[in-house]
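Participant: Starting from these lines, generate the structure:
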Amino acid sequence: MARVARDRHRLENLQSRMTASLNRRRDRARYALETAVGRLDSLSPLAVLGRGYSLTRTATGEVVRSPGQVNVGDAIRVLLHRGSLDARVTDTRERDDRPQV
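Facilitator: This next block holds a predicted model:
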């Protein structure tokens, strides 16, 4: 009986240690996942739109990265944080008036 009681106590102790170890591993994995999700969210195009930027696409869906990709009169779609705008190109400039940083 003493051996059974000792083995039962040992088994309960091992089970408790195993549960604690699994909880610690789960918590570390959850933290790592939350950190990765936060990094991905900060790089998300949707997060960028939320900061006031927009994404412009041609009628075929190609992302406009330079004025040379479109011509005056072309239809474009401007994606915003909430919704989109359909527009037409009225002018293009290879350089803009912004002060150069």
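Participant: Below-threshold pLDDT in this structure: ranges please.
Facilitator: Within the chain, the segments meeting pLDDT under 70 span 99-101.
Participant: Nearest to the spatial middle of it, which residue is it?
Facilitator: Closest residue to the average C-alpha location of the chain: Asp41 at 2.7 Å, with Cα atoms, centre = their mean.
Participant: Tell me the first helix or strand C-terminal of the longest helix seen in the chain.
Facilitator: What stands out as the longest helix in the chain, according to DSSP state H, is helix 2-43. The element immediately downstream of helix 2-43 (helix or strand, assigned by DSSP states H and E) is helix 45-50.
Participant: hang on, Leu85 is in a strand, isn't it?
Facilitator: Yes - counting by DSSP: H, G, I helix; E, B strand; the rest coil, one finds Leu85 located in a strand.
Participant: beta partners for it?
Facilitator: As for beta bridges, Leu85 partners with Val78 under DSSP bridges.
Participant: quick one: it from Ala36, how far?
Facilitator: Distance, Leu85 to Ala36, using Cβ to Cβ, to the nearest Å: 33 Å. In this view, the C-beta of every residue, glycine as well, is placed from N, C-alpha and C.
Participant: Same question for Asn13.
Facilitator: According to Cβ to Cβ, Asn13 and Ala36 sit 35 Å apart.
Participant: Test my guess that the residue nearest to the centre of the chain contacts Gly50.
Facilitator: No - between Asp41 and Gly50 there is no contact under Cβ atoms under 8 Å: 10.0 Å.
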